[in-house]
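Participant: Could you look at this predicted model? Sequence included:
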Amino acid sequence: MSVEIRTARPAHDPLEPGPLILGKPTDQELNDELLSHVYAPRRGWILLFLVAAGGTSLLGLGVTVTFARGIGAWGNNVPVAWAFDIINFVWWIGIGHAGTLISAILLLFQQKWRTSINRFAEAMTLFAVMQAGIFPLIHLGRPWFAYWLFPYPSTLGVWPNFKSPLIWDVFAVSTYLTVSFLFWYLGLLPDLAALRDTSQGVWRRRVYGVFALGWRGSARAWRHYRIGYLLLAGLATPLVLSVHTIVSFDFAVSQVPGWHTTIFPPYFVAGAVFSGFAMVLTLIIPARRLLRIERVVTLRHLENMAKVLLVTGLMVSYGYVMEHFIAWYSGNPYEFAVFFKTRWQGPYAPVFWLMMSCNVLLPNIFWFKKARTSLVVLWIASLLINVGMWSERFVIIVTSLHRDFLPSSWAMYAPTWVDWSILFGTLSFFSLLFLLFLRYVPAVAVTEVKELRHELAAHGAAAGHDAVGVPLAEEESNA
Amino acid sequence: MSHAAATSRSFVLAEFDGPEPLFAAARGVRAAGHTRLDAHMPYPVHGADEALGLGHSRVPLIALVGGLGGVATAYLMAWWMNAVDYRINVAGRPFNALPAFVPIMFELGVLFASLAIFLGCILLFGLPRLHHPVFEVEAFRSASVDKFWLSVETAGEPGPIAQQLREAGANVVEVVEGEP
């Protein structure tokens, strides 16, 4: 006669964070699971790809019309000489910032939850910066002279003016794109080697083999790799702060009411991270289902991102409050008019109040765990925050320009269909690049997840809040 | 697998399930007088440098040189272009305006340092090199998935090393020849 002995399971600690990796996969299982989306396309991928490709043709159309007919095809006018082009530029650059924050800053802070989302976020950065780069180029009017932006010895005998934030922008954005790419590619090397070694078919092995450059996982290479990767993270961290700071200088050094303010650099950086995290959530919530990577992108990851949204949302709110305070405190009638009359009550007031609702009110739902852990709430909120941050750039640029110092030069601005088709075209192009990435490149840094699993297994309970988590212990006791 | 008198270099490759047995085997082989060792691992593991007797990485120095080079390049460029060769008077500000040059000095410093790190790493890795003798072994594919491989390079007879690694608990031991 056997006696069944039941041991009491320890009560679940509500403060204990959720697991970073569900279950207890082996390295081989992680490898197969996380690379399987590269071995064979997921159902629905081709449909999404076709939709994105169709949308990208809008970009082609908009850009062609712009080149053929000139900037006059857009709604821009005088005084609103900067409109959709700069709004979209700032918005896309800002979205990129979360990728670098996740991959570099969280690495330096040893936040282990970054591991399964960093590759994803870095790809988002690259593609977002590419979209951003399109706008200043097509806004040049004569984009075939874009190389004039760079200092090269020309027969014209002139050099760029290095005291201008516009030329700082050229260096900041091109450096940002280059460094993001190097960081991404260095991290990708071991995963490309894994693809070379595990893909089926000679051609796949050859192509991944070429991109892996012959990586052998040699200890001699890892020794340099680790320090090189860490140093790149250390460089990318101040770089990402500098990029949106310099973008904000484009506005802050001018005297236009509503732009001429010293809070712009930190407020732009916070807004960039805010919108970027929203975009990561927008992308990763459907993608983790499509790629079936819920095992390594858990609710804990999503909840942490929601917390970042809350914090950066509060920083952005502080920026709004400070702008208004300084406009009042400065005693400058033009500043006062822009902030308290034009923006609150002017013709574009609905955009302003949309911005306030999405960026100031909405993030406060993330004080509640229920909101932070509900996929539907997170996804809808992330979309609205993207809308809110786009509205913010609209408010900053259009409301400030359309009514400046002289009432005789006031004018209204309305985008044309060309403006809209370029905006939706870049959204589609971004999606297209992202879908290609999800199809051909490991979307999760497999090597780093294996390393994390190894670390968590080695340190076990001692890893405390970074432990694999409660469900693992439960599974073990069931086994 | 044993080969007759090796003409070029031989690589004795041994697969282990985890890093610890690999490090133990590496120490054993080093104690036997072989110094040209390498480990091939799917992810970096602490202790490999000590077990294989590898020194410090020079990447930080390369990064420093690259970064300082970028800062200097940016300053000299801005100074020569705006203060010497083509002076632009912006509201009476100095032509040689260091504070206004800082953003580009910072950006180029980061850019040059990052390029130096990336290219320096690739050179130190010995890449790009699409073929290497270790790729002759089909089982070596596991080195990027979940297994840990020790590679001992020798000009002499590989047999005793292979035997030693088998005794150290290797799953698979293979010998290949080729240029290191």
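Facilitator: That came through fine. Residues are numbered from 1 along each chain as shown, chains lettered A, B, ... in the order given.
Participant: Please make it C-alpha for all contacts and neighbour counts, starting now.
Facilitator: Noted.
Participant: Get me the contact residues on the stretch 51-200 of chain A for chain B.
Facilitator: A:157-163, A:168, A:171-172, A:175, A:178-179, A:182, A:186, A:190-191, A:193-194, A:197-198 (C-alpha under 8 Å from any C-alpha of the partner chain).
Participant: Please repeat the previous calculation with a cut-off of 6 Å.
Facilitator: Residues of the stretch 51-200 of chain A found near chain B (C-alpha under 6 Å from any C-alpha of the partner chain) are A:159, A:163, A:168, A:172, A:175, A:194, A:197.
Participant: can you confirm the first one is in a strand?
Facilitator: Right, A:Trp159. No. A:Trp159 is assigned coil when assessed by DSSP: H, G, I helix; E, B strand; the rest coil, not a strand.
Participant: Widest-spaced pair of the residues of the stretch 51-200 of chain A next to chain B?
Facilitator: Using C-alpha to C-alpha, those reach their maximum pairwise distance at A:Lys163 and A:Asp197, which is 51.2 Å.
Participant: average pLDDT across stretch A:164-184?
Facilitator: Averaged across stretch A:164-184, the pLDDT comes to 91.
Participant: For it, list the C-alpha coordinates in CSV.
Facilitator: Taking C-alpha atoms only, stretch A:164-184 is exported to CSV below (Å, rounded to 0.1, in the frame of the first residue of the first chain):
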residue,chain,number,x,y,z
SER,A,164,24.9,75.0,-38.3
PRO,A,165,22.8,72.3,-36.5
LEU,A,166,21.7,71.2,-40.0
ILE,A,167,25.2,70.0,-40.8
TRP,A,168,25.5,68.5,-37.3
ASP,A,169,22.4,66.5,-38.2
VAL,A,170,24.0,65.1,-41.3
PHE,A,171,26.9,63.8,-39.2
ALA,A,172,24.7,62.6,-36.3
VAL,A,173,22.3,60.6,-38.5
SER,A,174,24.9,59.1,-40.8
THR,A,175,27.0,58.1,-37.7
TYR,A,176,23.9,56.7,-36.0
LEU,A,177,23.0,54.5,-39.0
THR,A,178,26.5,53.3,-39.4
VAL,A,179,27.1,52.5,-35.8
SER,A,180,23.7,50.8,-35.5
PHE,A,181,24.5,48.6,-38.4
LEU,A,182,28.0,47.7,-37.1
PHE,A,183,26.5,46.8,-33.7
TRP,A,184,23.8,44.8,-35.3
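Participant: In it, which residues are buried?
Facilitator: Using 16 or more other C-alpha atoms under 10 Å in any protein chain shown as the burial criterion, the residues of stretch A:164-184 that qualify are A:165-184.
Participant: For the helix ranked longest in chain B, which residues meet the burial criterion?
Facilitator: For chain B, the helix that runs over the most residues, judged by DSSP state H, is helix B:98-125. Residues of helix B:98-125 classed as buried by neighbour count (16+ other C-alpha under 10 Å): B:100-118, B:120-122, B:124-125.
Participant: for the record, mean pLDDT for that helix?
Facilitator: Helix B:98-125 carries an average pLDDT of 92.
Participant: do the same with stretch A:106-114
Facilitator: For stretch A:106-114, the mean pLDDT works out to 78.
Participant: Kindly check the end-to-end length of that stretch for me.
Facilitator: Using C-alpha to C-alpha, to the nearest Å, the end-to-end distance of stretch A:106-114 comes out at 6 Å.
Participant: for it, which positions count as buried?
Facilitator: Going by neighbour count (16+ other C-alpha under 10 Å), the buried part of stretch A:106-114 is A:106-107, A:112-114.
Participant: ok now stretch A:240-255, how far from the chain's centre?
Facilitator: 18 Å (C-alpha atoms, centre = their mean, to the nearest Å).
Participant: for the one helix or strand A:Asp85 maps to, packing partners?
Facilitator: According to DSSP states H and E, A:Asp85 maps onto helix A:84-100. Under the contact definition 3 or more C-alpha pairs under 6 Å, 6 or more residues apart in numbering or on different chains; DSSP states H and E, helix A:84-100 sits against helix A:118-139, helix A:264-290, helix A:375-394.
Participant: And the strands in the chain?
Facilitator: Here I'm looking at chain A. Under the criterion DSSP state E, chain A carries no strands.
Participant: Correction: the question concerned chain B.
Facilitator: Using DSSP E, the strands of chain B run over B:9-16, B:37-40, B:148-154, B:172-178.
Participant: Indicate which one of those strands is closest to A:Gly54.
Facilitator: Closest among those, using C-alpha to C-alpha: strand B:37-40, at 44.8 Å.
Participant: Once you drop chain neighbours, what's closest to the most centrally placed residue in chain B?
Facilitator: Centroid-nearest residue in chain B, with C-alpha atoms, centre = their mean: B:Phe125, separated by 3.2 Å. Of all residues not flanking B:Phe125 in the chain, A:Ala221 sits nearest, at 4.8 Å (C-alpha to C-alpha, 6 or more residues apart in numbering or on different chains).
Participant: Burial check on residue 69, number of neighbours?
Facilitator: Using chain A. Residues lying near A:Arg69 (other C-alpha atoms under 10 Å in any protein chain shown) number 12.
Participant: oops, I was thinking of chain B
Facilitator: Applying other C-alpha under 10 Å, we find 17 residues neighbouring B:Gly69.
Participant: Distance check, it against A:Tyr176.
Facilitator: Distance from B:Gly69 to A:Tyr176, counting by C-alpha to C-alpha: 18 Å.
Participant: Alongside chain B, which residues does the stretch 201-350 of chain A contribute?
Facilitator: By C-alpha under 6 Å from any C-alpha, the part of the stretch 201-350 of chain A that sits against chain B consists of A:213-214, A:217-219, A:221-222, A:224, A:228.
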